[in-house]
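Undergrad: here are the coordinates; sequence isn't available:
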């Protein structure tokens, strides 16, 4: 990928992360477990505990990636290797954490992806703010997944081949 395209991809990715962070952080600052699971059974309380844990991880990974992409942009000499690694981490730490949350409070149902309906399905029916925050950031993480699909496997394959060439 030409350096200019890589720089643009880093800038666009950073802006998308900023957008997601600006929705996740206020949600976490404004909502507590006791608010979300007030007067609920133990299973529902566990659902919200898992949900909040997953969302905190997503926020942390997104903020770290946002900062690393900022470093990429601020360096006087563009470091392609660092940029590739930063984008790889966005894909594997942010996109994957969003679409495959550890506590499985929601999941993506691909059957709905092309119907215009929401592809995200919750394990339990959530309160409105939970549903809204996930559905509001879904588009951003879908775009990141599409933009960075290259980093799912090609980046590692390319790195492995480079390593083998050096040792041959």
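TA: On my side now, so go ahead. This structure is a prediction, so every number in the text was calculated from the model and none was measured.
Undergrad: what about the strand or helix carrying residue 69, average pLDDT?
TA: Using DSSP states H and E, residue 69 maps to helix 42-74. Mean per-residue pLDDT for helix 42-74: 96.
Undergrad: which strands and helices lie in contact with that helix?
TA: On a contact count with 3 or more C-beta pairs under 8 Å, 6 or more residues apart in numbering; DSSP states H and E, helix 42-74 meets helix 3-30, helix 33-36, helix 80-89, helix 96-99, helix 128-147. Placement of C-beta: from N, CA and C, glycine included.
Undergrad: repeat the analysis, applying 7 Å as the threshold.
TA: Helix 42-74 sits against helix 3-30, helix 33-36, helix 80-89, helix 96-99, with contacts defined as 3 or more C-beta pairs under 7 Å, 6 or more residues apart in numbering; DSSP states H and E.
Undergrad: list the buried residues of the first one.
TA: The neighbour-count check on helix 3-30 (16 or more other C-beta atoms under 10 Å) flags 6-7, 9-10, 13-14, 16-17, 19-21, 24, 27 as buried.
Undergrad: can you classify the one residue sitting closest to the centre of the chain by secondary structure?
TA: Ranked by distance to the mean C-alpha position of the chain (C-alpha atoms, centre = their mean), the top residue is residue 94 at 2.8 Å. Assigned by DSSP: H, G, I helix; E, B strand; the rest coil, the conformation of residue 94 is helix.
Undergrad: correct me, but it touches residue 62?
TA: Yes: between residue 94 and residue 62 there is a contact at 5.1 Å, judged by C-beta atoms under 7 Å.
Undergrad: quick one: contacts for residue 31?
TA: Neighbouring residues of residue 31 by C-beta atoms under 7 Å, 6 or more residues apart in numbering: residue 129.
Undergrad: hmm, try it at 6 Å
TA: For residue 31, the contact set (C-beta atoms under 6 Å, 6 or more residues apart in numbering) is empty.
Undergrad: that one and residue 101: what is the separation?
TA: 17 Å (C-beta to C-beta, to the nearest Å).
Undergrad: these two touch, right, residue 97 and residue 60?
TA: No: counting by C-beta atoms under 6 Å, residue 97 stays clear of residue 60, with 9.3 Å between them.
Undergrad: which one's more surrounded, those two?
TA: Neighbours per residue (other C-beta atoms under 10 Å) separate residue 97 from residue 60, with residue 97 holding more: 19 against 14.
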